[in-house]
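1. could you look at this predicted model? Sequence included:
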Amino acid sequence: MKPKLISFKLCPFVQRATIVLEHKRVEHDIEYIDLANPPAWFIERSPLKKVPVLLVDENVLFESMAINEYLDEAYPNRLHPHDIILRAKNRSWIEFGSECLWDVFHLSVKETEREFNEVREGLLSKFDHLEKAVIAAPFFNGAAFSLVDAGYAPLLQRLEYLDKLRPGIFDGSRHPNINTWKNNLLKLDTVRKSCVPEISALYHEQLWKRQGYISRFLDKTKYSGDVVRSIY
């Protein structure tokens, strides 16, 4: 029986798992739900009432890191390094990436330029540490794509969208290794296939609904609707 991933189209944490599924070429089903109005079966089966959830036979797996660890062990072509020290370091950087993802979320909701810049500087300070660890030749650990790459690709994708709206959010000269890494990841077929084709438009629409500072840089003629403070 194929694993089934329960998703929300804009969730970067789900995308982490989808990247691994695509990279390993695992046959799977995916079902998108509306987190604002989730189906009853999801409420019953999801322990934390959030995505991602991976259904494996009668088992319910949750949390993106745990799901990706399962997928890496269950299917061929391991993505975690064989060296146990490097593997532990990779896990640490994936956890660090989750913190950075929340910074990117806060960039999308902060209402004033001052608050926005404070979050941006906090993120760039985190990137100062990350920069020293990234080999970017072409991936985090070097030649081989790994779970770290899957963990950061959704973050770097969204940061790219934000930077195109307001150039200068990401400083490639300050973080050249991360910049190279970002460009390498975002051109991968597995990353492109990990999200719906309309992801950029949906993300912009979500930025508009959040009405944060960054929404000032959108084309206002394209959007209407209520303000939504979704965590995704």
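-> Right, received. Where do you want to start?
2. dump the residue contacts of F116.
-> Taking C-beta atoms under 8 Å, 6 or more residues apart in numbering, we find F116 in contact with 107, 110, 212-214. In this view, the C-beta of every residue, glycine as well, is placed from N, C-alpha and C.
3. any idea how far it lies from D103?
-> According to C-beta to C-beta, to the nearest Å, F116 and D103 sit 11 Å apart.
4. now the contacts of F116: which count as buried?
-> Burial by neighbour count, judged by 16 or more other C-beta atoms under 10 Å, picks out 107, 110, 212-214 from the contacts of F116.
5. what's the closest of those residues to G142?
-> Nearest to G142 among the buried ones among the contacts of F116: L107, at 29.7 Å, using C-beta to C-beta.
6. surely the closest one touches L162?
-> Yes. Using C-beta atoms under 8 Å, L107 makes contact with L162 at a distance of 6.0 Å.
7. now do the shared contacts for those two.
-> Common neighbours of L107 and L162 (C-beta under 8 Å, 6+ apart) are 169, 214.
8. follow-up on the earlier one: possible to save the buried ones among the contacts of F116 as TSV with distance to K2, pLDDT and secondary structure?
-> Formatted as TSV, those follow (distance: C-beta to C-beta, whole Å; pLDDT from 0 to 100; DSSP: H, G, I helix; E, B strand; the rest coil):
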residue	distance to K2	pLDDT	secondary structure
L107	36	97	helix
K110	41	97	coil
G212	38	97	coil
Y213	42	98	helix
I214	38	97	helix
